[in-house]
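Peer 1: Sequence plus the predicted model coming up.
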Amino acid sequence: MNLLLLSLFAVALWLMFSLYRGHNRKKAELLVPVRSASIVKIHSYKSFGIIATIRFKDEQTPQIGDRLHEEGNIYRITGVVTPDPVKEQPKDTWDCRLVKL
């Protein structure tokens, strides 16, 4: 009987710790700033997910993990395509892989 109570206590303690860690991760993600940008074109591929051409309003290069806001949706950048030097592309426009949050 004591072994059963001890194992139930251990499971309850583990569950509380897991919920605490998950809550802190979500809370930390909300503190990441959202960049000012506009999505020029969205391409949706089954194998890659969302690939979009994005025009950023600041001069910084997009980084993996950056978040942006567009039409009520928040996206996180999971990949950045380096621009082709042969292809003429505006300086502030990038092709990025996105995940909708």
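Peer 2: Great, that's in hand. Treat the numbers as computed from the prediction; the structure is a model and nothing was measured. Residues are numbered from 1 along each chain as shown.
Peer 1: Tell me which helix or strand comes right after the helix or strand of the chain at the bottom of the mean pLDDT ranking.
Peer 2: Ranking every helix and strand in the chain by mean pLDDT, DSSP states H and E puts helix 2-30 at the bottom, with a mean of 74. In the C-terminal direction, the helix or strand that comes right after helix 2-30 (DSSP states H and E) is strand 34-35.
Peer 1: tell me which residues in the following helix or strand past that next one are buried?
Peer 2: Using DSSP H and E, the helix or strand that follows strand 34-35 in sequence is strand 37-45. The neighbour-count check on strand 37-45 (16 or more other C-beta atoms under 10 Å) flags A37, I39 as buried. Where you see a C-beta, it was placed from the backbone N, CA and C, and this is true even at glycine.
Peer 1: Each with direction, which strands does strand 37-45 pair with?
Peer 2: Looking at strand 37-45 with DSSP bridges, its partner strands are strand 49-56 (antiparallel).
Peer 1: Who are the contact partners of the most centrally placed residue in the chain?
Peer 2: In the chain, the residue lying closest to the centroid (C-alpha atoms, centre = their mean) is R76, at 2.8 Å. With contacts defined as C-beta atoms under 8 Å, 6 or more residues apart in numbering, R76 is in contact with G65, D66, R67, L98, V99, L101.
Peer 1: Recalculate using a threshold of 6 Å.
Peer 2: By C-beta atoms under 6 Å, 6 or more residues apart in numbering, R76 lies in contact with R67, V99, L101.
Peer 1: Per-residue confidence, the first one, what does it come out as?
Peer 2: Translated: R67. If you check R67, the pLDDT there is 86.
Peer 1: does it have beta-bridge partners, and which?
Peer 2: Beta-bridge pairing for R67 (DSSP bridges): V34, R76.
Peer 1: give me the number of residues near it?
Peer 2: R67 sits with 18 neighbouring residues when counted by other C-beta atoms under 10 Å.
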